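Chemist: What shape does this take:
(3 chains)
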Amino acid sequence: MAFAYFPHTPDDIRRMLQRSGVSSIDDLYSDVPEKFRFRQEYDLPDAMSEMEVRRYFEELDRADTRLTVFCGAGAYDHYTPSAVGYIVSRSEFLTAYTPYQAEISQGTLRYIFEFQSMMCELTGLDCANASMYDGATSAAEVLLMCVASSKKRKKVLVSSTLLPNVIDVVRTYASYHGVESGTVAAIDGVTSRDSLEAMLAAGDVAGVLVPGINRYGIIEDLSGFADAAHSAGALLAVYSDPSSLAVLKTPGEWGADIACGDAQSLGIPLSFGGPYVGFLACRKDLMRKLPGRIVGATADMDGKRSFVLTLQAREQHIRREKATSNICSNQSLMALFVTVYLSLMGPDGLKKVNDLSYGGAHYLHDRLLATGKFSEVFDRPFLKEFVLNTSLDPEKLQQALLDAGFFAALVTEEGYVSFCVTERRTREEIDAMLDVIRLLG
Amino acid sequence: MSKTVAGLLYSESHEWVSVDGNIATVGITDFAQHALGNLSYVDMPETDDEVTKGEEFGAVESVKAASDLYSPVSGKVVETNSELEDAPERLNVDPYANWIIRVEMSDPSELDDLMDEAAYISFCEKE
Amino acid sequence: MKYYDKLIFELSCEGRCGYTLPDADWAQTSDSIPDGLKRSAAPGLPQVSEPEVVRHYTNLSDMNFGVDTGFYPLGSCTMKYNPKINEEIAGMPGFKGIHPLQPRSTVRGVMKLYGDLSSALCAITGMAGFTLNPFAGAHGELTGLMIMRRYHICRGDMKRTRVIVPDSAHGTNPASAAVCGLDVVQVNSLPDGTIDVDHLKTLLDDTVAGIMMTNPNTLGLFETRIEEIADLVHGCGGLLYYDGANMNPLLGVVRPGDMGFDIMHLNLHKTFSTPHGGGGPGAGPVGVAEHLLPYLPLPRIDGEKPDECAGRVSGFMGNFGVLMKAYAYILMLGRQNIRMAGPLATLNANYIKESLKDCYRLPIDKVCKHEFVFDGLADKSTGVTTLDVAKRLLDYGFHAPTVYFPLLFHQSIMIEPTETESRETLDAFIEVMRKIAEEAAADPDMVRSAPHNTSVRRPDETAAARHPVLKYRDLA
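Modeler: Numbering: from 1, shown residues only, chains lettered A, B, ... in the order given. Just a heads-up that it's a prediction; the model follows:
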């Protein structure tokens, strides 16, 4: 029985076996002990046609509830321009391997170089790598990088205002790596610099990770953080939403040594959490401590400008257990996604995304307060995401909104309710949600 | 056949040492640079770092390989060759004219474990 | 291939744009943010119109080579054909719009996929349960090693901090072990590339957390003493980790769980045909035997949070889009076609090996599995190296094999054809490889200066590493 992806006819198989010097397919496995040959039926569905596969996924799709998203918490519903999807689906990009053969990979190498350049522009730092898996793992890698740079110190500090899943991933990596991770307390919704300075005083901290925009949506004022860290011999890293960096002070401007985060906010669909793309940028003197792939410019035999994977002596395929990281596959195609998105948006488009998100979020914020059912937790500047206290039962509020087709009022660990508005949310959608909330008692 | 220089001491990990009083100057041998190919980076310790005989003090990198440097002596780093920061290829051109670190030795008797030129030549023949 | 030299920044012109967005009628904009929190100047992103953006990236794509372009015999990378139905499914708008923190009651379809895919992977591998969260193979290794460590720690067996890795293993194995805080101990290979069991015996004691193995190994050879190895490692209290990088030839033939492995990962972008995307995204699900189920990391498919769990390794639940593609492929394979996947990959590899072993040096002349390794040209007198052969292949429209790995030989050429290539494609590749061997003898300088027909030729990697230029602003 022929199968669409296996071109072999019975005659092909017969001729190929003959050339290979074996009499049957089974003979190709004669070195496998019989007890390990799986002779039973696989507990899998019968082979499906394309139409049947499509039907399976259409049924899955119908089993999910379509919701209008008013939630962020690390995944943001920004708009994807049509041209982005068109470019990333080109099979020359989609079906290529890692660009080890530079001569036939200039396309991949050039977009990675552009991606690195754009991450530097957004973060205000000197160099960036070719991508990480996601924001949370980029944060974990940053702290490993801090420990490796310091050589002797085995302690890192993370702000308690970082997203909960980022803190959990950092803690997990740190605990296995033999690194102590301390938590910097928050005061009034933002990282406490006093608490940080006290924890740095012992002079045993390799690096500090703080958010640009924190788990409550607040834009943190990081004045003095870099000095505090540096005077204690520690590096400062900022976990940033790169979309917001079109308008917000950059990690470089705050004096940070390293920036990381998730570039999903640059137009990548929510897709239940992946594929997204982490980014990692740093000051030039930390360049050789970067994890993962890096592309650099050079010239070929004929003097033509060319791009290659470079500084590979940091990486696992050369350095093995002494590599800066174990990362091999990254999220390259999503780096292309972000690069095309930023090319289309430019500085003005990205600013406008922030303007629309800011305007919508503040409209919703003010009207929620006006219902009398919500009150401020922290009166601090925010961009597109904020938390409030509510006099309603938070769980029931969230459920009522789900029933009305809105994913909003996400209940935080602290019992606040969180909302997020991007440029995709219209005034009609916001008003419709407010109507539902006004009727709740 | 790689070059050697008379009067230097050699380690099995292909570092050379020249001794001036209590100061040991350390580099890599011609054999080592040849095995690595075109060098692209030399990772050096900082001045005042302590090094220990037989333990890593840095690394030399080419495009497709990296090799740790092992200190032939113990002591404190008093100087590193900053010329190598921007021009690692100097080690390819003349590995004996371009040293990597200078160490104030804490135990000069450790030098006794190193090879002289003749011993190193026969060591390399077996490598 | 045509050479196109622009970077998107070089197409930029002040005042141009490639976006359309609705006009805001909100009362406020981001200008209301206090000045002290705002950046001093706009980022230096390119300003380009949409047609220029599309043409630029289309031109870049013309300088790329994918599986859809031609044969990709890249050893250890399993570059099989990526069915187009998978892309359409992952692109369905409903799936793209799901927020990862939505309550489970609103994502019943998504959770059914997680359940169905992990059950299918269990059936295929003989493991008891999977986490689909790891993003790639190396991430799966790290997750698996965390499970291994957590298992020993939860048993109070704190001193098991060494992990045994064959000297021929992929670099990610020792690197993942190091990130996980484990000390790497190398076990030697025998001349035929299989594990030296006598050496292994000398390494086993009560400080061993486990062993990481591929089977077949890096040379494409089945580790026939796997049962003995499993007994030895289990006997000393360690666990067996299966690196799924080489799972493809076993697909439909052997299940790692049946060979005694306790933990494993799969590279869905290799074995289950999701596109490599120029280096990612992949997916590296980790499977465990029954007794290790509580150690699977958060967030879990079962929604539980056992005390034993190994922690959290991902922001959310992995590369959902990639998982959908892999399951679509598994559904197309079904219980019937999966039987032929591994065998045809193995047949293709042996066919190439036997067709070329007279002109390329075959150090281990045995039946291989999905891949095998030549040690350069048979004729060592030409001065033509493995690198030269690889570059010359590009001129003929083939991707190069994996070269200079494994390190067991000086001139390694590692070839893995996969099961989706036809006999005609293999014949064309064989013919070109033979022709290159002839060229090496007749005109070695021509081969040594290859490639001749590509958009660029042997870029200077040493210069790139000596004076790194890593962003547009730093270009001279």
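
Chemist: In contact with the closest residue to A:L196 other than its chain neighbours, which residues?
Modeler: Computed as C-beta to C-beta, 6 or more residues apart in numbering or on different chains, the closest residue to A:L196 that is not its neighbour in sequence is A:V184, at 4.9 Å. C-beta coordinates here come from the backbone N, C-alpha and C atoms, glycine included. By C-beta atoms under 8 Å, 6 or more residues apart in numbering or on different chains, the residues touching A:V184 are A:157-160, A:191-192, A:195-196, A:199, A:208, A:210.

Chemist: just A:L434 next, same as before
Modeler: With contacts defined as C-beta under 8 Å, 6+ apart, A:L434 is in contact with A:364, A:367-368, A:371.

Chemist: how much space between it and C:P363?
Modeler: Going from A:L434 to C:P363 by C-beta to C-beta, to the nearest Å gives 73 Å.

Chemist: residue contacts, the residue in the stretch 1-150 of chain C that chain A sits nearest to?
Modeler: The stretch 1-150 of chain C approaches chain A most closely through C:W26 (2.4 Å), counting by C-beta to the nearest C-beta. Applying C-beta under 8 Å, 6+ apart, we find C:W26 in contact with A:355-356, A:358-360, A:362-363.

Chemist: out of the residues you listed, which one sits closest to A:Q331?
Modeler: Set against A:Q331, the nearest of the contacts of C:W26 by C-beta to C-beta is A:L356 (26.7 Å).

Chemist: can I assume the closest one is in contact with C:D23?
Modeler: No. With contact defined as C-beta atoms under 8 Å, A:L356 does not count as touching C:D23 (9.2 Å).

Chemist: From A:R319, how far out is B:I28?
Modeler: Between B:I28 and A:R319 the distance is 18 Å, computed by C-beta to C-beta.

Chemist: just checking, next helix/strand downstream of the helix or strand encompassing C:M148?
Modeler: Here C:M148, judged by DSSP states H and E, is contained in helix C:137-154. Where DSSP H and E defines the elements, the next helix or strand beyond helix C:137-154 is strand C:162-166.

Chemist: number of nearby residues for A:R288?
Modeler: Counted with other C-beta atoms under 10 Å in any protein chain shown, the neighbours of A:R288 add up to 17.

Chemist: Who has more neighbours out of A:L356 and C:D23?
Modeler: It is A:L356, of A:L356 and C:D23, that has more neighbours when counted by other C-beta under 10 Å, with 26 against 6.

Chemist: can I assume C:E371 is in contact with C:E416?
Modeler: Yes. Counting by C-beta under 8 Å, C:E371 does reach C:E416; the two are 3.7 Å apart.

Chemist: ranges for the strands of the stretch 301-450 of chain C?
Modeler: In the stretch 301-450 of chain C, the segments counted as strands under DSSP state E, counting those that start in this stretch are C:372-375, C:402-403, C:412-415.

Chemist: In chain B, which residue is most central in space?
Modeler: Centroid-nearest residue in chain B: B:G27, 2.8 Å away (criterion: C-alpha atoms, centre = their mean).

Chemist: what about that residue, which helix or strand?
Modeler: Following DSSP H and E, one finds B:G27 within strand B:23-28.

Chemist: who touches both of C:E371 and C:E416?
Modeler: Between them, C:E371 and C:E416 share these contacting residues under C-beta under 8 Å, 6+ apart: C:75-76, C:220, C:349.

Chemist: out of these, who's near chain A?
Modeler: Of the residues in those, proximity to chain A by C-beta under 8 Å from any C-beta of the partner chain holds for none.

Chemist: Which pair of these spans the longest distance?
Modeler: The distance between the two most remote of the shared contacts of C:E371 and C:E416 (C-beta to C-beta) is 12.0 Å, for C:S76 and C:A349.

Chemist: When the two are compared, which one has more neighbours?
Modeler: For C:S76 versus C:A349, neighbours defined as other C-beta under 10 Å are more numerous around C:A349 (29 against 21).

Chemist: That one and C:D192, how far apart?
Modeler: In this structure, C:A349 and C:D192 are separated by 17 Å, where distance is defined by C-beta to C-beta.

Chemist: do A:C127 as well
Modeler: Applying C-beta to C-beta, one obtains 44 Å for the distance of A:C127 from C:D192.

Chemist: how deep is the residue in the stretch 301-441 of chain A that chain C sits nearest to tucked in, by neighbour count?
Modeler: Among the residues of the stretch 301-441 of chain A, A:G359 lies nearest to chain C; the distance is 2.4 Å by C-beta to the nearest C-beta. A:G359 is surrounded by 22 other residues when neighbours are defined as other C-beta under 10 Å.

Chemist: wait, doesn't it sit right on C:T29?
Modeler: Yes. Taking contact to mean C-beta under 8 Å, the distance of 5.8 Å between A:G359 and C:T29 places them in contact.

Chemist: A:C127 and C:D192: who's more crowded?
Modeler: Neighbours of A:C127 and C:D192, each counted by other C-beta under 10 Å, are more numerous for A:C127; the result is 26 against 13.

Chemist: What does the pLDDT read for the more buried one?
Modeler: A:C127 is assigned a predicted lDDT (pLDDT) of 97.

Chemist: tell me the contacts of the spatially closest residue to it that is not a sequence neighbour?
Modeler: Setting aside the residues directly before and after it, A:C127 is nearest to C:L470 in space (C-beta to C-beta, 6+ apart), at 4.6 Å. By C-beta under 8 Å, 6+ apart, the residues touching C:L470 are A:113, A:116, A:127-128, A:287, A:294-297, A:310.

Chemist: quick one on the thing from earlier: neighbour count: C:E371 and C:E416, which is higher?
Modeler: Counting neighbours by other C-beta under 10 Å for C:E371 and for C:E416 shows that C:E371 has the greater number, 32 against 29.

Chemist: how near is that one to C:A245?
Modeler: Using C-beta to C-beta, one obtains 10 Å as the distance from C:E371 to C:A245.

Chemist: farthest-separated two in the contacts of C:W26?
Modeler: With distance counted by C-beta to C-beta, no two of the contacts of C:W26 lie farther apart than A:D355 and A:Y363, which are 12.4 Å apart.

Chemist: List the contacts of A:V166.
Modeler: Listed by C-beta under 8 Å, 6+ apart, the contact set of A:V166 reads A:74, A:135-136, A:139, A:239, C:315.

Chemist: any chance of those in a markdown table, with distance to chain B and neighbour count too?
Modeler: What follows is the contacts of A:V166, written out as a markdown table (distance: C-beta to the nearest C-beta, whole Å; neighbours: other C-beta atoms under 10 Å in any protein chain shown):
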| residue | distance to chain B | neighbour count |
| --- | --- | --- |
| A:G74 | 36 | 27 |
| A:G135 | 30 | 31 |
| A:A136 | 29 | 32 |
| A:A139 | 26 | 30 |
| A:Y239 | 28 | 28 |
| C:G315 | 32 | 31 |
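
Chemist: if you look at these, which of them are in helices?
Modeler: Judged by DSSP state H, the subset of the contacts of A:V166 located in helices is A:135-136, A:139.
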